[in-house]
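Asker: Curious how this folds, go ahead:
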Amino acid sequence: MKIAELFYSLQGEGRQSGRPTVFVRTTGCNLRCRYCDTAYAYEGGTAMTPDEILRALAQYPCRTCCITGGEPLLQPDLETLVSALVLNRYQVCLETNGSRSIRPYLEEDAVMVSLDIKCPSSGMQQHMDFANLPLLRDQDQVKFVIGDRVDYDYAKDILRRHRPCGTVFFQPVWGTDTTKIAGWILEDGLDVRLGIQLHKYLWGTQRNK
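Answerer: Numbers count the residues shown, from 1 in each chain. Sure thing, here's the model as predicted:
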């Protein structure tokens, strides 16, 4: 596997926000979202085996692991890594950009899939694999990154048509007026959560925090 970085911090997004977590960020992504904040993970990285990753994680006092990217589902050894983490009693959050099938990762109760659905402001909405949505379980989560009213309405329509299981987050693009999106959610009475990137409020946009 190609690993861009491995670090220990607080989870900043989703259901596990605020929880101490070890992060494994893989190298390489098949999408190019306009607002991407991890473009440094497109290329480069260090080759590591699943066993080497496990040994690196063992230095941290934490049994919650977030595999993120880039796009982790591009990695050929990902299934081996996820199985090894579960076997070693890690709770795993597997973040994916929504363009690849999540089916191989749904058998383990210790794995929570965090599925992005790209909205129009990303420029990547045509690459989504909507066959993923009916596969989601109650323990999983769906994230829509919202940049404007067009994105918000697009996300609402996806929810209306697909009604996915799991917790749904509307996460503002960093720098967007969060209160405006909060107002739209309240006005429409949507059964979603407003997500904020906690780590950026704590430490700004610097890496590895």
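Asker: Identify each buried residue in the one helix or strand residue 201 maps to, please.
Answerer: Per DSSP states H and E, residue 201 falls inside helix 198-203. Of the residues in helix 198-203, those buried under the neighbour-count criterion (16 or more other C-beta atoms under 10 Å) are 199, 200. (C-beta placed from N, C-alpha, C; glycine too.)
Asker: Measure how far the longest strand along the chain is from the centre of its chain, please.
Answerer: Scanning the chain for the strand with the most residues, using DSSP state E, yields strand 2-10. A distance of 14 Å separates the centroid of the chain from that of strand 2-10, by C-alpha atoms, centre = their mean, to the nearest Å.
Asker: Parallel or antiparallel, which strands does that strand pair with?
Answerer: strand 20-26 (antiparallel), strand 46-47 (antiparallel) (DSSP bridges).
Asker: Quick check: which helices or strands does the helix ranked longest in the chain pack against?
Answerer: Counting by DSSP state H, the longest helix found in the chain is helix 149-162. Here helix 149-162 is seen to pack against strand 141-146, strand 167-172, helix 178-188 when contacts are counted using 3 or more C-beta pairs under 8 Å, 6 or more residues apart in numbering; DSSP states H and E.
Asker: Neighbours of residue 122, how many?
Answerer: The criterion is other C-beta atoms under 10 Å. On that basis, residue 122 has 23 neighbouring residues.
Asker: how near is it to residue 18?
Answerer: Going from residue 122 to residue 18 by C-beta to C-beta, to the nearest Å gives 26 Å.
Asker: go on, residue 142?
Answerer: When distances are taken as C-beta to C-beta, residue 142 and residue 18 turn out to be 20 Å apart.
Asker: Compare those two (neighbour count), which wins?
Answerer: Set side by side, residue 142 and residue 18 give different neighbour counts by other C-beta under 10 Å, the larger being at residue 142 (26 against 11).
Asker: Model confidence score at the more buried one, please.
Answerer: Taken from the predicted model, the pLDDT recorded for residue 142 is 98.
Asker: give the contact list for it.
Answerer: The neighbourhood of residue 142, defined by C-beta atoms under 8 Å, 6 or more residues apart in numbering, consists of 115, 116, 117, 133, 136, 164, 166, 167, 168, 169.
Asker: Now tabulate those in JSON lines and tack on distance to residue 77, pLDDT and neighbour count.
Answerer: Output for these, formatted as JSON lines (distance: C-beta to C-beta, whole Å; pLDDT from 0 to 100; neighbours: other C-beta atoms under 10 Å):
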{"residue": "115", "distance to residue 77": "21", "pLDDT": "98", "neighbour count": "22"}
{"residue": "116", "distance to residue 77": "22", "pLDDT": "97", "neighbour count": "23"}
{"residue": "117", "distance to residue 77": "26", "pLDDT": "97", "neighbour count": "24"}
{"residue": "133", "distance to residue 77": "26", "pLDDT": "97", "neighbour count": "21"}
{"residue": "136", "distance to residue 77": "24", "pLDDT": "97", "neighbour count": "20"}
{"residue": "164", "distance to residue 77": "28", "pLDDT": "96", "neighbour count": "21"}
{"residue": "166", "distance to residue 77": "26", "pLDDT": "96", "neighbour count": "18"}
{"residue": "167", "distance to residue 77": "29", "pLDDT": "97", "neighbour count": "20"}
{"residue": "168", "distance to residue 77": "30", "pLDDT": "98", "neighbour count": "20"}
{"residue": "169", "distance to residue 77": "29", "pLDDT": "98", "neighbour count": "22"}
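Asker: That's all I had, so thanks and see you.
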